[in-house]
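# here's my sequence, what's the structure:
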Amino acid sequence: MKRFTLPRDIYYGKDAMSVLKTVKGKKAVLVLGGGSMKKFGFVDKALSYLNEAGIETKLIENVEPDPSVETVMKGAETMREFEPDLIIAMGGGSPIDAAKAMWVFYEYPDTTFEEIIQPFSFPELRKKARFIAISSTSGTATEVTAFSVITDYEKGIKYPLADFNITPDIAIVDPELASTMPPKLTAHTGMDALTHAIEAYVSTEHSPFTDPLALKAIHMVFDYLPDSYKGDKDAREQMHYAQCLAGEAFSNALLGIVHSMAHKTGAAFSTGHIPHGCANAIYLPYVIKYNAKCAEARYADIARSIGIEGTDAECVEALCKKIDEYNVKLNIPKTLKEFGVNEDEFKQKVKEIAVNAVGDACTPSNPRPITPEEMEKLLTCTYYGTEVDF
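Numbering: from 1, shown residues only. Next comes the predicted model:
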């Protein structure tokens with residue numbers, strides 16, 4: 001038996017956030033990131049709507065990019081003290097992901113982080129609170145997914161937490177919030193959305209329910225991302241919807257080793273954090289070439305759906321070329337070396353990173369199996385820009 005799960009309600013379009021006036025509850029926590037939502041007036045707007053609904057609200061602020069286990073535990077403690085019946089997260093993937101994990105430890109204080117690393121192992125939620133997610137970036141789609149990514153900085157590892165329990169009850173996809181994204185964030189989140197959709201389409205768990213969502217998202221990203229990057233408001237709105245469709249697809253079809261690699265390299269190097277969407281964009285063409293031995297026809301389907309013609313092999317090659325061209329347009333490097341990762345450090349760490357990436361929660365649904373030795377070769381290709389020929 002299979003399962004397809006989405007939020008109970010998705011509110012989208014201009015002024016979608018005004019639905020907060022109508023929500024039912026007594027007390028809410030509003031989980032926020034670094035301050036941009038306050039700066040642009042969206043926090044005041046949300047608080048005004050919640051006040052209109054008669055809901056007392058407490059802020060949990062300053063969730064860092066790539067939220068830590070410590071941030072999650074601290075937020076859960078605040079929730080236990082305040083006892084909200086609504087958890088509302090507003091911003092990019094980081095505050096929403098953090099709030100999802102806080103939710104677990106709010107309702108189950110004795111649960112440990114190690115206990116929920118195993119995919120689909122969460123205790124049943126909604127004993128104390130319901131969850132509302134309001135997205136401000138057009139990439140992670142965490143507002144509609146069963147996923148949360150939390151970083152253990154002591155180990156230098158990002159852990160994707162996965163359970164349908166943490167799919168939000170309500171998703172608010174208001175394009176006004178995404179209109180404030182700077183160009184680099186627009187580029188990275190857009191390529192993250194493309195990666196979500198492509199990985200969902202070729203995943204071993206893809207289905208007739210997820211395929212149309214993935215393909216539509218792919219079309220929209222290719223159509224709208226360049227103009228969204230340049231600041232076009234209409235394109236920015238369409239990208240906000242495209243990333244949501246991609247999220248609906250991958251939340252149910254799961255992902256693959258592009259994400260496994262991104263999770264395990266993002267915080268691994270002393271030369272600096274690799275933004276998640278940027279890592280995905282770098283790895284995607286290499287992984288397509290690796291996976292093509294098992295999923296060539298599926299990638300060719302994607303290519304033909306966006307107007308590419310030829311044999312399956314020609315279509316796959318042209319799809320990779322198109323992704324490379326988009327990365328150039330978006331000022332995304334082609335290799336880890338070009339990104340700035342130190343060569344000696346890469347050589348020193350690649351074997352351990354490869355083992356960790358193979359063990360990532362996203363690896364089992366990748367269309368082609370991979371060993372640690374093959375993963376090490378693949379990561380090496382992404383460092384030097386060499387061809388994937390194994």
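# when you work out contacts or count neighbours from here on, use the C-alpha atoms and nothing else.
OK.
# for the stretch 51-200 of the chain, what spans make up the strands?
56-60, 86-91, 130-135, 147-152, 157-162, 170-173 (DSSP state E, counting those that start in this stretch).
# ok, now which ones touch the residue nearest to Lys293 when sequence neighbours are not counted?
Among residues not flanking Lys293 along the chain, Arg368 sits closest, at 7.5 Å (Cα to Cα, 6 or more residues apart in numbering). Listed by Cα atoms under 8 Å, 6 or more residues apart in numbering, the contact set of Arg368 reads Tyr290, Asn291, Lys293, Cys294, Ala295.
# again, only using 10 Å
Taking Cα atoms under 10 Å, 6 or more residues apart in numbering, we find Arg368 in contact with Val202, Ser203, Thr204, Gly256, Ile257, Val287, Tyr290, Asn291, Ala292, Lys293, Cys294, Ala295.
# before we move on, what about Tyr384?
Going by Cα under 10 Å, 6+ apart, the list of residues near Tyr384 reads Lys334, Thr335, Leu336, Lys337, Glu338, Glu343.
# one more pass at 8 Å, please.
Thr335, Leu336, Lys337.
# quick check: the gap between the first one and Asp9.
Distance from Thr335 to Asp9, counting by Cα to Cα, to the nearest Å: 40 Å.
# which one of these two is surrounded by more residues?
Thr335 (21 against 13; other Cα atoms under 10 Å).
# give me the phi and psi for that one.
phi -140, psi 160 (degrees, to the nearest 10).
# that one contacts Thr380, correct?
No - Thr335 is not in contact with Thr380 according to Cα atoms under 8 Å; the separation is 9.6 Å.
# taking the contacts of Arg368, please make a PyMOL selection of just the buried ones.
Selection of buried members from the contacts of Arg368 for PyMOL, criterion 16 or more other Cα atoms under 10 Å:
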select buried, resi 202+203+204+256+257+287+290+291+292+295
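# hmm, back to that, adding distance to Gly272 and pLDDT as columns, could you present the contacts of Tyr384 in JSON lines?
What follows is the contacts of Tyr384, written out as JSON lines (distance: Cα to Cα, whole Å; pLDDT from 0 to 100):
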{"residue": "Thr335", "distance to Gly272": "15", "pLDDT": "98"}
{"residue": "Leu336", "distance to Gly272": "11", "pLDDT": "98"}
{"residue": "Lys337", "distance to Gly272": "12", "pLDDT": "98"}
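# from Gly277, how far out is the residue nearest in space to the middle of the chain?
The centroid of the chain falls nearest to Thr140 when counting by Cα atoms, centre = their mean (3.0 Å). As judged by Cα to Cα, Thr140 and Gly277 stand 9 Å apart.
# equivalent analysis for Arg126, please.
31 Å.
# ditto for Ala249
Relative to Gly277, and taking Cα to Cα, Ala249 is found at 17 Å.
# of those two, who's got more company?
Applying other Cα under 10 Å to Ala249 and Gly277 shows that Ala249 carries more neighbours, namely 33 against 26.
# what residues are up against the more buried one?
His196, Ala197, Ala200, Tyr201, Phe209, Thr210, Asp211, Leu213, Ala214.
# taking those, tell me the two that lie furthest apart.
Using Cα to Cα, the pair of the contacts of Ala249 lying farthest apart is His196 and Phe209, separated by 15.3 Å.
# between those two, which one's more packed in?
A direct count of neighbours by other Cα under 10 Å for His196 and Phe209 places His196 higher, at 32 against 14.
# just checking, that one touches Gly247?
Yes - between His196 and Gly247 there is a contact under Cα under 8 Å: 6.9 Å.
# can you redo the strands of the stretch 51-200 of the chain as JSON lines with distance to Val316 and mean neighbour count?
Formatted as JSON lines, the strands of the stretch 51-200 of the chain follow (distance: least, Cα to Cα, whole Å; neighbours: other Cα atoms under 10 Å):
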{"stretch": "strand 56-60", "distance to Val316": "45", "mean neighbour count": "17"}
{"stretch": "strand 86-91", "distance to Val316": "35", "mean neighbour count": "26"}
{"stretch": "strand 130-135", "distance to Val316": "32", "mean neighbour count": "27"}
{"stretch": "strand 147-152", "distance to Val316": "29", "mean neighbour count": "23"}
{"stretch": "strand 157-162", "distance to Val316": "28", "mean neighbour count": "22"}
{"stretch": "strand 170-173", "distance to Val316": "33", "mean neighbour count": "26"}
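# quick check: longest helix in this protein by residues?
When the chain is parsed with DSSP state H, its longest helix is helix 276-305.
# could you find the closest non-adjacent residue to Asp85?
Ala129 is the one closest to Asp85 (Cα to Cα, 6+ apart), at 4.1 Å.
# same check, this time on Met181
Thr137 (6.9 Å).
# what sits against the one you found?
Gly91, Gly92, Gly93, Leu177, Ala178, Met181, Thr186, Thr189, His240.
# equivalent analysis for Thr386, please.
Applying Cα under 8 Å, 6+ apart, we find Thr386 in contact with Thr380.
# burial measure for the closest residue to Pro333 other than its chain neighbours, as a count.
In space, Pro333 comes closest to Phe339 once its chain neighbours are excluded; the distance is 5.8 Å by Cα to Cα, 6+ apart. The tally of other residues near Phe339 (other Cα under 10 Å) stands at 17.
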